[in-house]
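Q: Below: sequence and its predicted model.
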Amino acid sequence: MMFLVTVSIAAWMSVGSALQAQPDFSGQWTVEAAPAPAAQPPLPRGDMGSGWGSPLTIAQDAKQLIVEQTLFSRYDLQPPLRFVYALDGSETRNAVMTGHTTQLRVSRASWDGQSLRIITTYPSIDPASGNAFTTEVTYRLTLESPTTLVIEASRGAALGGQPTKTRTVYRKN
């Protein structure tokens, strides 16, 4: 009987360790200063980084991840940008007003091991033709340590450009 209990406990513990808790990205984050680049030709039009800027505030619970970014100064009388992502893989819609129009971004978040992957489609208008098109951006959030967040952003090609991938390192405040 004691052998059976011991085997049952060992099996339960191995299942429990296999089901690791998902990381919690909550906190206030600031982009880590990048080292000065070696002498290279200038990058075309700059590096968009994560696209979420710095500083960044993230709140997370079992159901959703909320990312807030202050884009405007307090004199602009605009609230911080706020993006909400459902962690169950369901579609979320975030309306963003950065000018004279509102842009609706559609996203899905899913866990990929210990990383969170968020795929977002951005609607745009081709300025040359006036035709609507969408661009897809995939964000991959990973905690390298409790105080280091890495956000990789992969952007699809748009308007004849090339796809891009950036890696931005944030430090917890």
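A: Okay, I see it. Residues are numbered from 1 along each chain as shown.
Q: excluding its backbone neighbours, what's nearest the most centrally placed residue in the chain?
A: Per Cα atoms, centre = their mean, the C-alpha nearest to the average position across the chain is that of residue 139, at 4.4 Å. Take residue 139 and drop its neighbours on the chain: the residue closest to it by Cβ to Cβ, 6 or more residues apart in numbering is residue 118, 4.4 Å away. C-beta: built from backbone N, CA, C; applies to glycine.
Q: Would you double-check that residue 75 falls in a helix?
A: Yes. Membership of residue 75 in a helix is supported by DSSP: H, G, I helix; E, B strand; the rest coil.
Q: what number of residues lie near it?
A: 6 (other Cβ atoms under 10 Å).
Q: Kindly report the same for the one 3 residues further on.
A: Residue 78: 13 surrounding residues under other Cβ under 10 Å.
Q: does it really touch residue 71, like I thought?
A: Yes. Residue 78 is in contact with residue 71 according to Cβ atoms under 8 Å; the separation is 7.4 Å.
Q: and the strand ranked longest in the chain, what other elements does it pack with?
A: The strand that spans the most residues within the chain, counting by DSSP state E, is strand 132-145. When contacts are defined as 3 or more Cβ pairs under 8 Å, 6 or more residues apart in numbering; DSSP states H and E, strand 132-145 sits against strand 115-125, strand 148-155.
Q: what's the angle from it to strand 115-125?
A: 160 degrees (axes from the mean of the first three to the mean of the last three Cα atoms, to 10 degrees).
Q: Not counting its own residues, what contacts strand 132-145?
A: With Cβ atoms under 8 Å, 6 or more residues apart in numbering as the contact definition, strand 132-145 has outside contacts at 23, 25, 50-51, 112, 114-126, 149-156, 158-159, 169.
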